[in-house]
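Student: Give me a model of this one.
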Amino acid sequence: MPVRIVIDSSCDLPPAQMQELADMGIPMVPLLIHFGMETIVDRTISMSEFLAKGAEAWPTTAAPSAGAFVEAFRPFIDKGEQVICITITAQHSSSFQSATLAAQQFPPDQIAVEDSYSLSLGQGLVVLAAARAAREGATFHEIIELIRDVRSRVHLYIALETVEYVVKGGRVSKLGGILATLLRIRPILTLQEGELTMVQKPRGHKAAVEQLVDLAAAALPADMVGIGHIACPEWAEELATAFCQRTAYPREEILLTETGSIMATHGGPGVLGIGCLCRAR
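Tutor: I've put the predicted structure just below:
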């Protein structure tokens with residue numbers, strides 16, 4: 001029985017890999033972005049348009065409804081196929097909950113909803129591994145086991161240019177945001193069991209890049225490495241160069257991408273991230 005993958009739009013990968021997912025017929029259920037009274041469907045505007053709108057009123061985000069997931073699942077179930085849905089971490093979005101509610105409207109054992117325990121590029125690494133396994137004919141239960149293994153081996157480190165946007169989104173306390181701004185700290189965050197936590201507090205851009213390289217290098221050897229950014233491609237190239245010089249990792253194998261608007265809403269411009277899928281021991 002064919003197994004189909006469904007994802008939400010928090011997932012970030014470079015254009016070539018996103019096209020690979022599209023070629024496999026993988027639907028992406030979009031989150032929503034609210035600019036005041038205006039609602040935009042994620043992935044329908046460019047980053048420049050997003051930032052222009054954000055200059056007038058910074059947005060908030062909303063998870064897809066259960067109905068949106070039902071619409072994505074139904075065509076596959078109607079054809080007798082099984083579905084595995086991979087969502088952004090449930091610790092920071094209700095997308096997982098919406099997908100779970102949607103799955104309950106179908107027969108048992110036809111749909112599995114799996115939490116990536118990550119977001120953005122980290123989620124993308126999980127999705128890409130699962131999608132390729134499905135394409136190669138892995139079974140429903142084999143892919144679920146793979147997802148759970150891969151997500152335990154994904155390490156994602158995110159350096160913020162400012163804490164202003166995570167404060168707006170309620171991801172850190174206002175007091176912590178004020179202190180970080182005063183001290184010119186550029187916090188580096190990671191995810192532990194899907195929860196964002198701070199792991200380093202470098203001061204300034206150069207120190208942040210150095211510490212991102214140190215953290216990612218410690219995760220090697222890796223099956224995949226990716227770098228994501230929000231409106232700072234030159235910094236992403238700088239990070240890629242520094243990482244390759246430090247580790248001798250092949251530059252052409254790094255998945256480099258600008259994130260989507262969901263990550264941008266909560267991180268703001270100037271965010272750098274590096275993710276590694278550690279090789280299985």
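Student: Tell me the secondary structure at Leu156.
Tutor: Here Leu156 is recorded as strand under DSSP: H, G, I helix; E, B strand; the rest coil.
Student: How about the contacts made by it?
Tutor: Residues in contact with Leu156 (C-beta atoms under 8 Å, 6 or more residues apart in numbering) are Ser118, Leu119, Ser120, Leu121, Gly122, Thr190, Leu191, Gly273, Ile274, Gly275, Cys276. All C-beta atoms are positioned from the backbone trio N, CA, C, and that covers glycine.
Student: okay, those in a markdown table with secondary structure next?
Tutor: Output for the contacts of Leu156, formatted as a markdown table (three-state DSSP):
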| residue | secondary structure |
| --- | --- |
| Ser118 | coil |
| Leu119 | coil |
| Ser120 | helix |
| Leu121 | helix |
| Gly122 | helix |
| Thr190 | strand |
| Leu191 | strand |
| Gly273 | strand |
| Ile274 | strand |
| Gly275 | strand |
| Cys276 | strand |
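Student: Sketch out the low-pLDDT regions of the stretch 151-281 of the chain for me.
Tutor: For the stretch 151-281 of the chain, applying pLDDT under 70 flags the ranges 163, 165-184.
Student: about what we covered before: sort out which one of the contacts of Leu156 lies nearest Arg151 for me.
Tutor: Taking C-beta to C-beta as the measure, Arg151 lies nearest Ser118 of the contacts of Leu156, at 6.6 Å.
Student: what are the phi and psi angles of that closest one?
Tutor: When read as degrees, to the nearest 10, the backbone of Ser118 gives phi -150, psi -170.
Student: Verify the stated contact: it with Glu195.
Tutor: No: taking contacts as C-beta atoms under 8 Å, Ser118 lies outside contact range of Glu195: 10.7 Å.
Student: circling back to that earlier point, looking at the contacts of Leu156, which is nearest Thr162?
Tutor: Closest to Thr162, out of all of the contacts of Leu156 and judged by C-beta to C-beta, is Gly273, at 14.9 Å.
Student: What residues does that closest one make contact with?
Tutor: Ser120, Leu121, Leu156, Tyr157, Ile158, Ala159, Ile227, Gly228, His229, Thr259.
Student: Is it possible to get CSV of those that adds distance to Gly67?
Tutor: As requested, the contacts of Gly273 are arranged in CSV below (distance: C-beta to C-beta, whole Å):
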residue, distance to Gly67
Ser120, 25
Leu121, 28
Leu156, 30
Tyr157, 35
Ile158, 31
Ala159, 37
Ile227, 35
Gly228, 30
His229, 33
Thr259, 26
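Student: can you pull out the strands in the stretch 101-250 of the chain?
Tutor: Ranges of strands in the stretch 101-250 of the chain, per DSSP state E, counting those that start in this stretch, are 111-115, 154-159, 188-192, 195-200, 222-229.
Student: deepest of the ones you listed, which one?
Tutor: With neighbours taken as mean count of other C-beta atoms under 10 Å, those reach their highest mean count in strand 154-159, at a mean of 25.
Student: which ones are touching the residue nearest the centre of the chain?
Tutor: The residue lying closest to the centre of the chain (C-alpha atoms, centre = their mean) is Ser120, at 1.3 Å. By C-beta under 8 Å, 6+ apart, the residues touching Ser120 are Ser10, Cys11, Asp12, Leu156, Ile158, Gly228, Thr259, Gly260, Ile262, Met263, Gly273.
Student: Same check on Glu56?
Tutor: By C-beta under 8 Å, 6+ apart, the contact list for Glu56 reads Phe35.
Student: Phi, psi for it please.
Tutor: Main-chain dihedrals, Glu56, degrees, to the nearest 10: phi -90, psi -40.
Student: now swap in the one 10 residues further on and tell me
Tutor: The phi and psi values for Ala66, taken as degrees, to the nearest 10, are phi -60, psi -40.
Student: neighbours of it, just the number please.
Tutor: Look at Ala66: counted by other C-beta atoms under 10 Å, it has 18 neighbours.
Student: wait, it sits on Phe96?
Tutor: No: Ala66 is not in contact with Phe96 according to C-beta under 8 Å; the separation is 11.2 Å.
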